[in-house]
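>>> generate coordinates for the sequence data below:
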Amino acid sequence: MTVSDTLLANAIRALSMDAVEAANSGHPGMPMGMADVATVLFRDYMKFDPSQPKWADRDRFVLSAGHGSMLIYSLLHLTGYARPTIEDIRNFRQLHSPCAGHPENFELAGVEATTGPLGSGLATAVGMAIAERHLNAQFGDIVDHRTWVVAGDGCLMEGVNHEAIGLAGHLSLGRLIVLWDDNKITIDGAVDLSSSEDVRARYAATGWHVVSCNGHDVADVRRAIDEAIADPRPSLIACATKIGYGAPNKAGTSGVHGSALGAAEVAAAREFLGWTAEPFVIPDDIAAAWKAIGAKGKDVRAAWEARLAAHADKGEFERRIAGELPADFSLSTYIDSLIANPQKVATRKASELALGAINDLLPETLGGSADLTGSNNTKTKSTVPLTRDDYAGRYVYYGIREFGMACAMNGMALHGGVIPYGGTFLVFSDYMRGGLRLAALQQQRVIHVLTHDSIGLGEDGPTHQPIEHVMSMRMIPNLDVYRPADIVETAECWELALKDATGPSVLALTRQNLPQLRTEKTENLSAKGAYLLRPAKAERKVVLIATGSEVEIALATALSLEAQGIGADVVSMPSWAHYEAQPVAYKEELLPHHVLRVSIEAGTTFGWERYTGIAGLRFGIDGFGASAPAEDLYDHFGLTAAKIAPQIVAALND
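Sure thing, here's the model as predicted:
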C-alpha cells in the first residue's frame with residue numbers, strides 16, 4: 001500500500017518532537033512546520049544517494065535555519081544514510097552524538113555545511129551554486145546539479161542575506177533555490193514586532209524569481225518548485241507554514257520555536273497527527289517508503305559514473321574534487337627566481353607575483369576581491385572574470401560584500417573542485433569575521449588575502465589602520481595567520497596555505513614596499529613559523545622577534561645594538577601557529593629564556609608576552625592610528641630602530 005505524503009511528513013515531525021523532548025533542548029517548531037515541504041523536496045526533486053553521500057554530482061541541501069537541525073537529522077536517518085542511527089537521534093544534543101544542536105559538516109555525511117549563525121547557510125549556498133556552474137562550464141554535464149536551501153525569517157533578516165542574494169542575482173544562479181519557511185514567527189514573537197519589509201519585493205529587486213505556496217499543500221509545493229526550476233534566475237519560494245504544525249496548543253506561536261513541547265503537548269500532537277507509534281519508532285511501512293526514496297538515487301548515480309568514466313578529463317576532475325594538488329606542485333622554481341633577482345615590493349604585490357605562478361600551475365584556484373582588486377592585487381592574467389555569461393572565468397567581482405564573500409568562499413570549498421581565495425583590507429575582516437570563523441570550524445581550505453595590514457597604509461587614517469586585527473585572528477582555532485616579511489616569505493606562506501587542506505588561511509600583507517631579506521636558497525623557512533633570520537655577531541644579549549614589515553626594523557635595531565657591542569638575534573615569525581607546532585627543543589633554542597626577548601609588530605602588544613615573557617619588551621601600538629605618511633607614523637609611534645634600541649639598552653642595564 002502506498003504511504004501517504006502526510007504519513008511521510010509525520011515521521012519527520014515525530015522524530016523531531018521526540019528528540020527535542022528527550023534532550024529537553026532544541027527547536028521543534030521549524031522541522032514540524034517544514035516537514036511537508038521537505039518530504040516533497042527529498043522524494044520528488046533532490047538528487048542524492050545515501051550509500052554514496054560524497055557523490056560529486058549530488059544536489060546540495062543546506063539547512064540555513066540550522067536551529068531546526070532535527071529536520072536534516074530526520075531526513076538523513078529516514079532516507080537511509082548510515083548515520084545518524086536512531087540511537088544517535090535519541091542522544092540529540094548530547095556529548096559525542098553527531099546530532100549536534102546545530103548541523104556540523106564534520107559530524108555527519110549528508111550535512112553539507114555547518115549552519116546556525118542565521119543567514120550564513122544561505123550565503124554559503126551561493127558559493128556552492130557558483131562552484132557548480134563554474135565546474136559545469138569547465139567539465140560539462142558531469143557537473144549538473146542544484147543547490148537547495150531551507151531558510152527561516154531570521155536568515156532573511158540578517159545583513160549577510162542582502163549581500164548574498166545580491167551576488168546570486170547578479171550572477172543569475174538559476175540552480176539555487178531557497179525554500180523560505182514563511183511562518184511569521186521569531187523567538188521574540190510575531191515577525192511584525194520587528195519587521196514590516198516586503199521580503200518578496202526585496203528578492204525580486206535583486207534579480208530573483210519569487211513564488212509563493214501553501215507549505216502544507218504538497219501539490220502547491222510541487223507547483224512552486226516546478227516554477228522555480230523552469231526559471232533561469234535564482235528562486236525564492238515563500239512557503240506559508242505554521243510553526244510547530246501538529247502541536248494543537250502551541251503551533252503558530254513563539255512558544256514552539258526554541259523549547260521542547262512538554263510531555264502533555266507531545267501527547268496531544270501525537271493524537272492530532274494520528275501518530276500511535278512509540279517514541280523513536282517509525283512504523284515499518286513508513287520506514288520502508290522513506291528508504292525507497294533514498295534508494296532512488298543509486299541508478300542516477302550509476303548513470304553519472306558511466307558518463308564520468310567516458311569523460312576525457314576524468315582524472316583531472318577527480319583530482320580537483322578530492323582537493324588534491326598536482327603531485328608535482330611546488331613554488332620552488334618561482335622562489336629560485338626571486339633569489340636570483342631580488343625585489344623590493346609591498347607584500348601585496350609579492351602576493352600578486354606569487355599568484356601569477358600559482359594560477360598558472362593550479363587551474364582550480366578561483367579568486368576575487370570585495371571591490372578592492374587594484375588594492376588587493378588578487379587578479380592575474382590567468383583569472384578572467386566569472387560572469388553570468390561565462391561561468392568558466394576564474395575571478396569573482398564580489399562587490400562591497402565582505403561577509404558575503406567569506407561565506408561564498410566557504411561554500412565553494414565545501415562544494416569541492418575549487419580552491420577559493422579573496423581579498424579585502426585587513427581592517428575590514430571585522431565585517432566577515434563570522435565567515436572566517438565558520439571556515440575554521442568547518443576545516444575548509446579558504447584563503448583570505450588581507451592587505452593594508454598596519455599603520456603603514458598611511459594617510460587613510462585610523463578607520464583603515466588595523467591594530468587588533470591580526471592578534472584577534474590568531475585566536476581563532478584552526479585559522480593559520482601569516483604575516484610575511486618580504487617577497488620570499490610571501491611565496492612560502494602562499495605555498496603553505498595551498499597545501500593545507502584542513503583549514504583556512506589569512507595572509508596579512510603590506511601596502512608599503514619592503515626590501516627582500518632572504519637572498520639565499522633554503523628550505524621553506526616559513527613552515528617553521530619562526531626562524532633565525534640573522535644571528536648575533538657579538539655575545540647574544542637579546543632576541544628581536546618581528547613579523548611582516550617590522551622585520552626590517554628589527555634588523556636595523558640589531559645593527560644599532562651590535563654597534564654598541566650588544567649581540568642581537570633577529571627572528572622572523574610569519575606564523576604563530578606553525579611555530580607552536582615545532583618541537584620544544586627548537587622553540588627553546590630560538591627563543592631562550594635567559595636572554596631579553598623583544599617583540600616588534602605594528603599592532604597591539606596584547607598577547608606578545610607569550611613569547612617575550614613578562615620581563616621582556618613589547619613594541620607596538622595599543623591605541624588607534626593616525627592620518628599621515630607611513631614613515632611619519634612609524635616615527636610617531638616609536639617603531640624605528642632609533643627609538644627602540646635605546647630602550648633595549650636601558651632594559652639590559654637596569
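>>> please name the nearest non-neighbouring residue to residue 448.
In space, and not counting its chain neighbours, residue 448 is closest to residue 506: 4.7 Å by Cβ to Cβ, 6 or more residues apart in numbering. Just so you know, the C-beta spots here come from the backbone N, C-alpha and C atoms, and that holds for glycine as well.
>>> I'd say that neighbour and residue 482 touch.
Yes - Residue 506 lies in contact with residue 482 (Cβ atoms under 8 Å); the separation is 6.7 Å.
>>> identify the bridge partners of the residue nearest to residue 448.
residue 448, residue 481 (DSSP bridges).
>>> so who does it touch?
429, 436, 448, 450, 473, 479-482 (Cβ atoms under 8 Å, 6 or more residues apart in numbering).
>>> spatially central residue for this protein, please.
residue 439 (2.8 Å; Cα atoms, centre = their mean).
>>> residue 533 should be in a strand, yeah?
Yes - assessed with DSSP: H, G, I helix; E, B strand; the rest coil, residue 533 lies in a strand.
>>> got any ranges where the stretch 301-450 of the chain has weak pLDDT?
Scanning the stretch 301-450 of the chain for pLDDT under 70 picks out no residues.
>>> where along it do the strands fall?
Listed in chain order, the strands found in the stretch 301-450 of the chain under DSSP state E, counting those that start in this stretch are 345-346, 365-369, 395-397, 419-425, 447-451.
>>> will you turn the contacts of residue 506 into CSV that also has neighbour count and distance to residue 25?
Compiled in CSV, these are given as follows (neighbours: other Cβ atoms under 10 Å; distance: Cβ to Cβ, whole Å):
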residue, neighbour count, distance to residue 25
429, 22, 33
436, 23, 28
448, 28, 34
450, 28, 38
473, 23, 32
479, 20, 29
480, 24, 34
481, 26, 35
482, 29, 40
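>>> dump these to JSON lines, plus distance to residue 368.
Below are the contacts of residue 506 laid out as JSON lines (distance: Cβ to Cβ, whole Å):
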{"residue": "429", "distance to residue 368": "15"}
{"residue": "436", "distance to residue 368": "15"}
{"residue": "448", "distance to residue 368": "11"}
{"residue": "450", "distance to residue 368": "13"}
{"residue": "473", "distance to residue 368": "20"}
{"residue": "479", "distance to residue 368": "19"}
{"residue": "480", "distance to residue 368": "20"}
{"residue": "481", "distance to residue 368": "20"}
{"residue": "482", "distance to residue 368": "19"}
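>>> count of residues packed around residue 451?
By other Cβ atoms under 10 Å, the residues close to residue 451 number 25.
>>> quick one: it from residue 498, how far?
Shown here: residue 451 relative to residue 498, a distance of 18 Å by Cβ to Cβ, to the nearest Å.
>>> ok, residue 144 next?
Where residue 498 is concerned, residue 144 sits at a distance of 28 Å (Cβ to Cβ).
>>> out of the two, which sits in the busier spot?
residue 498 (21 against 16).
>>> so the more buried one touches residue 359, yeah?
No - contact between residue 498 and residue 359 fails when scored by Cβ under 8 Å: they sit 11.1 Å apart.
>>> if you count neighbours, what's buried in stretch 200-218?
Buried residues in stretch 200-218, counted by 16 or more other Cβ atoms under 10 Å: 200, 202-203, 206-211, 213-218.
>>> just checking, which of those residues belong to strands?
Those of the buried residues of stretch 200-218 mapping onto strands are 209-211, 213-214, per DSSP state E.
>>> of those residues, closest to residue 40?
Proximity to residue 40 was ranked across these by Cβ to Cβ; first place goes to residue 213, at 9.9 Å.
>>> how many neighbours does the nearest residue to residue 124 once chain neighbours are set aside have?
Among residues not flanking residue 124 along the chain, residue 411 sits closest, at 4.0 Å (Cβ to Cβ, 6+ apart). Residue 411: 31 surrounding residues under other Cβ under 10 Å.
>>> so residue 411 sits against residue 128, correct?
Yes - counting by Cβ under 8 Å, residue 128 is a contact partner of residue 411 at 4.2 Å.
>>> common neighbours of these two, please.
With Cβ under 8 Å, 6+ apart as the test, residue 411 and residue 128 both reach residue 113.
>>> which stretches of the stretch 201-350 of the chain form helices?
Assigned by DSSP state H, counting those that start in this stretch, the stretch 201-350 of the chain shows helices spanning 218-230, 263-273, 284-295, 297-309, 314-322, 332-340, 347-361.
>>> what lies in contact with the fourth one?
Contacts of helix 297-309 from elsewhere in the structure, counted by Cβ under 8 Å, 6+ apart, are 47-52, 55, 57-58, 141-142, 314, 317.
>>> what's the answer for the first one, then?
By Cβ under 8 Å, 6+ apart, the list of residues contacting helix 218-230 from outside reads 5, 36-37, 39-41, 44-45, 146, 177, 209, 211-215, 235, 237, 239.
>>> ok, now the last one?
Helix 347-361 is contacted from outside by 326, 329, 331, 334, 343, 345, 365, 367, 375-378, 380-383, 394, 421, 449, 451-453, 484-487, 489-491, 494, 498, 507, 509-511, 513-514, 548-549, using Cβ under 8 Å, 6+ apart.
>>> which among those count as buried?
331, 334, 343, 345, 365, 367, 375-378, 380, 382-383, 394, 421, 449, 451-453, 484-487, 489-491, 494, 498, 507, 509-511, 514, 548-549.
>>> wait, a helix at residue 497?
Yes - counting by three-state DSSP, one finds residue 497 located in a helix.
>>> with adjacent residues omitted, what lies nearest to it?
Nearest to residue 497 is residue 505, by Cβ to Cβ, 6+ apart, at 3.7 Å.
>>> likewise for residue 560?
residue 645 is the one closest to residue 560 (Cβ to Cβ, 6+ apart), at 4.1 Å.
>>> run a quick neighbour tally on residue 327.
7.
>>> which among the contacts of helix 297-309 gets closest to residue 100?
Nearest member of the contacts of helix 297-309 to residue 100, counting by Cβ to Cβ, is residue 50, at 19.7 Å.
>>> pLDDT value on the closest one, please?
Listed pLDDT for residue 50 reads 98.
>>> what's the answer for residue 654, then?
88.
>>> tell me how far it lies from residue 564.
16 Å.
>>> which of the two has more neighbours?
Shown here are residue 654 and residue 564; by other Cβ under 10 Å, residue 564 has more neighbours (13 against 6).
>>> pretty sure that one contacts residue 649?
Yes - between residue 564 and residue 649 there is a contact at 6.7 Å, judged by Cβ under 8 Å.
>>> just the pLDDT for the closest residue to residue 251 other than its chain neighbours.
Distances taken as Cβ to Cβ, 6+ apart put residue 244 closest to residue 251, at 4.1 Å, once the chain neighbours are dropped. Per-residue confidence (pLDDT) for residue 244: 98.
>>> residues near residue 244, how many?
31.
>>> that one reaches residue 32, doesn't it?
Yes - between residue 244 and residue 32 there is a contact under Cβ under 8 Å: 5.0 Å.
>>> many thanks, have a good one.
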